[in-house]
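Undergrad: Just a sequence and a predicted model for now, questions to come.
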There are 2 protein chains.
Amino acid sequence: MTDPSHAGSLLTIDVAAIVANWRLISQGVTPAEAAAVVKADSYGLGAEHIAPALAAAGCKTFVVATLDEGIALRSVVPAAVILVLNGPFPGTEAEFAAHSLVPVLNSLGQITAWANFAKAGSGAPAAAIHIDTGMNRLGLDEAELDRLAARPSVLAGVRPILALSHLACADERNNPMNEEQHMLFTRLAARLPAMPLSLSASSGCFLGRNYHFDLVRPGAALYGINPTPDRPNPMAQVVRLQGKILQVRDVDSPRSVGYGATYRVTGPGRIATVAVGYADGWFRSLGNRGHGMIGGVKVPLVGRVSMDLACFDVSAVPPSQAHPGALIDLIDPDFTVDDAAADAGTIGYEILTALGRRHHRRWLTGAEEAQT
Amino acid sequence: MTDPSHAGSLLTIDVAAIVANWRLISQGVTPAEAAAVVKADSYGLGAEHIAPALAAAGCKTFVVATLDEGIALRSVVPAAVILVLNGPFPGTEAEFAAHSLVPVLNSLGQITAWANFAKAGSGAPAAAIHIDTGMNRLGLDEAELDRLAARPSVLAGVRPILALSHLACADERNNPMNEEQHMLFTRLAARLPAMPLSLSASSGCFLGRNYHFDLVRPGAALYGINPTPDRPNPMAQVVRLQGKILQVRDVDSPRSVGYGATYRVTGPGRIATVAVGYADGWFRSLGNRGHGMIGGVKVPLVGRVSMDLACFDVSAVPPSQAHPGALIDLIDPDFTVDDAAADAGTIGYEILTALGRRHHRRWLTGAEEAQT
């Protein structure tokens, strides 16, 4: 971990806000259970810091993508149920059992391999079954479910504790595909023995009670991304990313900025060079499109983003606020991860998972004094 | 580090090819010296593995962006000159000296702070001076150089060993800005005491002998990115990225794939879901635009890229080559990092620095048996 005085950027993660967001969703879906999706290292924000806080708040089920994520998570939430979405690659079944990880079985191949593994050992370790209802990405389709139903002994061998599916368009609440997937999920789940069901991730939690089933799986919403893009964001903001100004240049004659000379300063003004670049996950697509905030003033990113640097036109900010060593907010409660994503032409999820390793990271637990 | 059997993707870095690329450039610029740019963890490929191999091949000067990168590098190349491009943030001067790092001083403020630090200690630690010739990002402009020249005692206090600048458009060999910057660099460097000069990074090495000065600073070219985009790539390929297929779905009726249902399969075919997503640096902008290679066949990425998964239409590949557990090449010598960048709408540099932490990484040193 970097020393904050060395680092060109500071990433502050409000763990207390993540816990508050989980509580809000958990209360909203009662009596359904709210899990917490902490895959991709909690969307890049540090699962080892976040998952224990959620467990302490009452979260009993966590969701990761890969076996390695599950193994790492097990060491920080020893008593939790951990679902692993990608399921086992051939030959890794014993690793799942050794760490009490629940594989999501996505295909007849994974189900058969898990059943064979269970048969060879002492009893059937718990697993989940993924039903595909329209993503066509992972999961069993109707024909495969029929073949599975014809072999009940296979399914008995895997001890399924959950059947789940995934909505493709849940962030568009009026998209008819939501209701189609809901109906298909209900219909296909009936081909399996009775077991708890789960359909919704963050946005699905806000589609109404009949989308909650027994377990919801919020991820993005926990980290402050708006799960209801056409309405105000009900979630608390979690992330603050600040870049340090290395140099401020007074410009009094026309000149270009950065690689390719894509931006031209025309009038008198000041350009601040900040120690954040695309190697820090500050996407190159933000060139001449991004923004930062200094003292409540929104300032434009000018020129191309370099690997280690980005330039901002700080002419509108007093020099007392924009000087070498001063901080510029790249994500904050007034310019959110969703706002940065809109500038970059992507979604907040990718802004978070791309956050680089050079940021000095700190996690607020709510025990600190108030910080501004 | 992940276990290769656990991992959803394998990243192979040919260190011997990096060394060969450095040698090619070094020989091409003789008698100028060739440094090696290993900032951003060697463009995401592992400086601790790469820099020692380059040092063993004769590379004497390394370039990083930040103090922390310099400190980490010092432990693996104890005898090398290490230039730190961003220079010192206020108060970090002693850390530079403690690790024998050469700061690139980018402003009068950094120069003054370094001189004051040197005066307080025992003699002047070496530093480099950055002259801005048109990037308007970091470095001293003409007016600042004049002010510096008026205070020779300040410059004497910093013991400069190199003056450098940076070309904005070197990858466009006919861009008149190259010659403008070259002339300005020569003219402005004359305001400083005589010292070694450096102007060119990767592409500049190929602009002709008068761009080499005393030191060139190749980075991208070492890692296989084409420094001469309008001509065949003179560099050896370095990176192979392979994703593992989790599931293959036979599709016989029209259906959509992935989030937002942006892709629709029309005819009979097969869709492979691969355990690589944007959290692995496989950009979301590759949705419906990217490609992979299986057995020499180029297959299209279909639908949106998910956080942990991407889908490919593998209808053109025999099932014996596209099955769960099989590998698909996302970057290889026949589909290079530049090709992937073109699909993603970015440059190879960003493809490399975005490569995520979940890939199982291995470094080839040339001592292994031939691998295909």
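TA: That came through, no problem.
Undergrad: Assign residue A:116 to one of the three secondary structure states.
TA: Using DSSP: H, G, I helix; E, B strand; the rest coil, the three-state assignment for residue A:116 comes out as helix.
Undergrad: Same check on residue A:256?
TA: Classified using three-state DSSP, residue A:256 is strand.
Undergrad: List the residues that contact it.
TA: Applying C-beta atoms under 8 Å, 6 or more residues apart in numbering or on different chains to residue A:256 gives the contacts A:262, A:263, A:264, A:265, A:303, B:134, B:136, B:168. Backbone N, C-alpha and C define where each C-beta goes, glycine included.
Undergrad: how close does it sit to residue B:239?
TA: Distance, residue A:256 to residue B:239, by C-beta to C-beta, to the nearest Å: 32 Å.
Undergrad: for residue A:6, same thing?
TA: Residue A:6 is 29 Å from residue B:239, by C-beta to C-beta.
Undergrad: What distance do you get for the most far-flung residue of chain A relative to its centre to chain B?
TA: Within chain A, residue A:253 marks the point farthest from the mean C-alpha position, 44.1 Å out by C-alpha atoms, centre = their mean. Distance of residue A:253 to chain B, computed by C-beta to the nearest C-beta, to the nearest Å: 10 Å.
Undergrad: Return the residues in contact with residue A:73.
TA: So residue A:73 contacts A:38, A:47, A:51, A:62, A:64, A:80, A:82 (C-beta under 8 Å, 6+ apart).
Undergrad: What is the helix or strand hosting the third one packed up against?
TA: Assigned by DSSP states H and E, residue A:51 falls within helix A:47-56. Applying 3 or more C-beta pairs under 8 Å, 6 or more residues apart in numbering or on different chains; DSSP states H and E, we find helix A:47-56 packed against helix A:15-29, helix A:39-44, strand A:61-64, helix A:67-74.
Undergrad: Next, the angle from the last one to helix A:47-56.
TA: Counting by axes from the mean of the first three to the mean of the last three C-alpha atoms, to 10 degrees, helix A:67-74 points 60 degrees away from the direction of helix A:47-56.
Undergrad: strand partners of the next helix or strand after helix A:67-74, parallel vs antiparallel please.
TA: Next helix or strand after helix A:67-74 toward the C-terminus (DSSP H and E): strand A:81-84. Using DSSP bridges, the strands paired with strand A:81-84 in its sheet are strand A:61-64 (parallel), strand A:102-105 (parallel).
Undergrad: so which of the ones you listed gets nearest residue A:276?
TA: Between residue A:276 and the strands paired with strand A:81-84, the shortest gap by C-beta to C-beta is with strand A:61-64, which sits at 28.4 Å.
Undergrad: mind exporting that closest one as CSV, just the C-alpha atoms?
TA: Output in CSV follows, covering the C-alpha atoms of strand A:61-64 (Å, rounded to 0.1, in the frame of the first residue of the first chain):
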residue,chain,number,x,y,z
THR,A,61,-24.9,-14.9,2.1
PHE,A,62,-22.1,-13.6,-0.2
VAL,A,63,-21.7,-13.9,-3.9
VAL,A,64,-18.4,-14.1,-5.9
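Undergrad: tell me how far that strand is from the chain's mean position?
TA: 12 Å (C-alpha atoms, centre = their mean, to the nearest Å).
Undergrad: Give me the contact list for that strand.
TA: A:33, A:35-39, A:47, A:51, A:54-55, A:70, A:73, A:77, A:80-85, A:215, A:217, A:219.
Undergrad: average pLDDT across it?
TA: Average pLDDT, strand A:61-64: 98.
Undergrad: any low-confidence regions in the stretch 51-200 of chain A?
TA: The stretch 51-200 of chain A contains residues with pLDDT under 70 at A:122-123.
Undergrad: before we move on, back to that, make a markdown table from the helices and strands packed on helix A:47-56 and add distance to residue B:357 to it.
TA: Compiled in a markdown table, the helices and strands packed on helix A:47-56 are given as follows (distance: least, C-beta to C-beta, whole Å):
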| stretch | distance to residue B:357 |
| --- | --- |
| helix A:15-29 | 21 |
| helix A:39-44 | 8 |
| strand A:61-64 | 14 |
| helix A:67-74 | 10 |
